[in-house]
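> Let's see this in three dimensions:
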Amino acid sequence: LTSQHSHHSVFFTGPFILFLWANRASKQTIEILYHCGLCVSFTSLLTLLKKFAAHCFNRAKQLAYQPHIMCYNNINISTSIFVEQHSDAPTKL
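I've put the predicted structure just below:
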């Protein structure tokens with residue numbers, strides 16, 4: 001249905017199939033919606049995800065070679081949740 005109305009329908013089917021995948025829709029649900037014409041097929045979804053992952057990886061590589069304003073290499077954060085409750089309690093670690 002969506003592909004028959006306009007070539008701009010990819011602006012609906014692309015985000016819609018990613019929404020379905022992100023919300024863990026089953027393969028059968030995606031295939032049923034594909035046969036109804038509301039989204040692309042499951043195999044097309046897998047192809048889309050591979051291309052999207054490759055694009056994001058390449059973009060991250062490009063950004064890594066650009067200048068950085070601030071970069072933390074080794075952050076040590078105290079994660080102790082022990083708090084003194086009274087004066088006889090052991091000190092905080």
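
> Okay, buried residues for stretch 11-18 please.
Thr13, Gly14, Phe16, Ile17 (16 or more other Cβ atoms under 10 Å). (C-beta placed from N, C-alpha, C; glycine too.)

> Likewise for stretch 23-42?
Ala25, Ile30, Leu33, Tyr34, Leu38, Cys39, Val40, Phe42.

> now swap in stretch 40-52 and tell me
Val40, Phe42, Leu45, Leu48.

> And the contacts of it?
Stretch 40-52 is contacted by residues Thr13, Gly14, Ile17, Leu18, Trp21, Lys27, Ile30, Glu31, Tyr34 when judged by Cβ atoms under 8 Å, 6 or more residues apart in numbering.

> Could you list which residues are in contact with the fourth one?
For Leu18, the contacting residues are Leu48, taking Cβ under 8 Å, 6+ apart as the criterion.

> Restricting to C-alpha, output the helix or strand where it lies in CSV.
Per DSSP states H and E: Leu18 is located in helix 10-22. Once side chains and other backbone atoms are set aside, the C-alpha atoms of helix 10-22 remain, and they are given as CSV (Å, rounded to 0.1, in the frame of the first residue of the first chain):
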residue,chain,number,x,y,z
VAL,A,10,10.3,5.2,2.2
PHE,A,11,10.1,8.0,4.8
PHE,A,12,7.4,5.9,6.5
THR,A,13,8.5,2.3,5.8
GLY,A,14,12.2,2.8,6.9
PRO,A,15,11.5,4.3,10.3
PHE,A,16,8.5,2.1,10.8
ILE,A,17,10.5,-1.1,10.3
LEU,A,18,13.2,0.1,12.6
PHE,A,19,10.6,0.9,15.2
LEU,A,20,9.2,-2.6,14.9
TRP,A,21,12.6,-4.1,15.2
ALA,A,22,13.6,-1.9,18.2
